[in-house]
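Colleague: Only the shape, not the letters, is given here:
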Ligand code: PA5
């Protein structure tokens, strides 16, 4: 059991019968997921992906990562949303948020196409200037504006530097198996391609080529990542709510939601978890936030954010509960020496590891927040390595699907994301959007 659900700080917030009361709805959600009879059941390919993935493609991913490592100082990974967050989150969690600046045998990895900021794009262009680089462009639809725009720029840079033929050898396209502009372009140009299966939605795709190629390029062990996720598949197949921590977590979220706690704050005490927080926010925000329902997923890194959000959490509106990721062993520790003069008065911390200080911060904060009336769910993880991370990723994915079904929404669509695109295209004068343009301009000029 790699992810342990610790419910001991919930005693004053939830009574036993409330959890028992969830048994029926959770059993129904489990049945709908397993029998593929629930909403969005065309998108359940992620459910057994850690066990039933394409082994040949997996081997090709490893080979591609070796080639990129051998011939590129920099890898530019182009994608947005589910085609971006998981890879970056895993790399930062497993290697470091400072990965690009640390000494290593693997290429620097930068993410492009996840915004429309011209400043950021210019900065990335200057980073590859004079250096060998490759591009992994990731888009399931192949038509998303942000990555398509970035790909146009980096493809052009590659062609200018290496020639058309040389560029082809450095472009890796991860996209739909058959459809989409990117797939057509990749086939026409002869790029190496990797597949995002039809039945795996973007935000559930980190354990496919979408996440695996960039993660492998950062030198991470993707076999161990998949093994952790596969073990999670087995553990969380158990329909019994009393035995399945993943289902209990989903049930707890729903109980708090119905008690008026409309936001869940995911908290960790390691900086390297910050992008995992972002991945979680997309997974739950896009899956549950619909039909005017859903918990708002927010996040924090402590103790950093105790100095910004701490006051609100302790004393502000009673709208949230916390889910705390308790990583029990840090990747690296630091021994605090005693100082003879004790001029800074810090000798009370001396002769112990910094992780012990971080743990006391965690314990003190949980107790303070619980006393302040904020429920704290704790998820204990032995360490942040590939195996545990794969396990945790699958824990969140499955809990998300169960949460969505309990809530009565389709966790696998994202109709709301289209609204901004429609307006942006109309305002930019894209063909087919003429009718909306005049009305939007009128509204802007009112
Ligand atoms: O989770 C999702 O489906 C979305 O966040 C998509 O991943 C995102 O919009 C990018 O889409 P695409 O991969 O088609 O470019």
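Modeller: Yep, that arrived. Nothing here was measured: the structure is a model prediction, and the numbers come from that model. Numbering: from 1, shown residues only.

Colleague: Without its sequence neighbours, what residue ends up closest to residue 358?
Modeller: With Cβ to Cβ, 6 or more residues apart in numbering as the criterion, residue 358 has its nearest non-adjacent residue at 5.4 Å, and that residue is residue 269. C-beta: built from backbone N, CA, C; applies to glycine.

Colleague: what's the neighbour count on the residue in the stretch 101-250 of the chain that the ligand sits nearest to?
Modeller: Nearest to the ligand in the stretch 101-250 of the chain, going by Cβ to the nearest ligand atom, is residue 202, at a distance of 2.1 Å. Using other Cβ atoms under 10 Å, residue 202 has 26 neighbouring residues.

Colleague: and if you look at the one 5 residues further on?
Modeller: By other Cβ under 10 Å, the residues close to residue 207 number 26.

Colleague: mind listing what it touches?
Modeller: Taking Cβ atoms under 8 Å, 6 or more residues apart in numbering as the criterion, residue 207 is in contact with 46, 49-50, 53, 225-226, 229, 390, 393-394.

Colleague: how about the residue nearest to residue 358, what does it touch?
Modeller: Per Cβ under 8 Å, 6+ apart, neighbours of residue 269: 301-303, 325-327, 358, 361-362.

Colleague: What about residue 267? Give its phi and psi, please.
Modeller: When read as degrees, to the nearest 10, the backbone of residue 267 gives phi -120, psi 140.

Colleague: Pretty sure residue 376 sits against residue 10.
Modeller: Yes. If you go by Cβ atoms under 8 Å, residue 376 and residue 10 touch, sitting 7.3 Å apart.

Colleague: Which helix or strand contains residue 67?
Modeller: Taking DSSP states H and E as the criterion, residue 67 maps to helix 55-71.

Colleague: So what's the residue count around residue 16?
Modeller: Residue 16: 8 neighbours (other Cβ under 10 Å).

Colleague: And residue 158, by the same measure?
Modeller: Using other Cβ under 10 Å, the number of residues around residue 158 comes to 22.

Colleague: so what pLDDT did it get?
Modeller: Residue 158 is assigned 98 on the pLDDT scale.

Colleague: now do residue 221
Modeller: 98.

Colleague: what do you get for residue 179?
Modeller: 86.

Colleague: try residue 142
Modeller: 88.

Colleague: and what of residue 438?
Modeller: At residue 438, the model reports a pLDDT of 89.

Colleague: if we can go back for a sec, the ligand: which of the contacts of residue 269 is nearest?
Modeller: For the contacts of residue 269, with the ligand as the reference and Cβ to the nearest ligand atom as the criterion, the closest is residue 325, at 21.9 Å.

Colleague: Just list whatever residues bridge to the closest one.
Modeller: residue 268, residue 379 (DSSP bridges).

Colleague: wait, doesn't it sit right on residue 266?
Modeller: Yes. Between residue 325 and residue 266 there is a contact under Cβ under 8 Å: 7.0 Å.

Colleague: Could I get the full set of strands for this protein?
Modeller: 4-6, 74-78, 108-112, 133-139, 171-176, 192-196, 263-268, 296-301, 320-329, 335-336, 352-353, 376-383 (DSSP state E).

Colleague: Could you pull up the residues touching the residue sitting nearest the centre point of the chain?
Modeller: With distances taken as Cα atoms, centre = their mean, residue 279 lies nearest the centre of the chain, 2.1 Å away. Residue 279 is in contact with 85-86, 88-89, 206, counting by Cβ under 8 Å, 6+ apart.

Colleague: about what we covered before: quick check: closest non-adjacent residue to the residue of the stretch 101-250 of the chain closest to the ligand.
Modeller: Spatial nearest neighbour of residue 202, excluding adjacent residues (Cβ to Cβ, 6+ apart): residue 82 at 2.5 Å.

Colleague: Could you double-check that the one you found sits in contact with residue 203?
Modeller: Yes. With contact defined as Cβ under 8 Å, residue 82 reaches residue 203; the gap is 3.8 Å.

Colleague: Give me the pLDDT for residue 10.
Modeller: 98.

Colleague: now do residue 70
Modeller: 98.

Colleague: what do you get for residue 163?
Modeller: 97.

Colleague: ok, now the one 4 residues further on?
Modeller: pLDDT recorded at residue 167 is 97.

Colleague: quick one: it and residue 155 touch, right?
Modeller: Yes. Between residue 167 and residue 155 there is a contact under Cβ under 8 Å: 6.7 Å.

Colleague: and the residue nearest to residue 299 when sequence neighbours are not counted, how many neighbours?
Modeller: The shortest distance from residue 299 to any non-neighbouring residue, by Cβ to Cβ, 6+ apart, is to residue 277 (3.5 Å). Other residues within reach of residue 277, judged by other Cβ under 10 Å, total 20.

Colleague: And for residue 316?
Modeller: Other residues within reach of residue 316, judged by other Cβ under 10 Å, total 12.

Colleague: Against the ligand, how distant is it?
Modeller: Going from residue 316 to the ligand by Cβ to the nearest ligand atom, to the nearest Å gives 30 Å.

Colleague: one step back: now do the contacts for the residue nearest to residue 202.
Modeller: Counted by Cβ under 8 Å, 6+ apart, residue 82 has contacts 140, 201-206, 210, 282, 286.

Colleague: Among those, which lie within helices?
Modeller: Among the contacts of residue 82, DSSP state H puts 210, 282, 286 in helices.

Colleague: close enough to count as contact, residue 89 and residue 276?
Modeller: Yes. Between residue 89 and residue 276 there is a contact at 4.5 Å, judged by Cβ under 8 Å.

Colleague: Look up the closest residue to residue 45, ignoring the ones flanking it.
Modeller: residue 199 (3.3 Å).

Colleague: I'm done for today, thanks for sticking with me.
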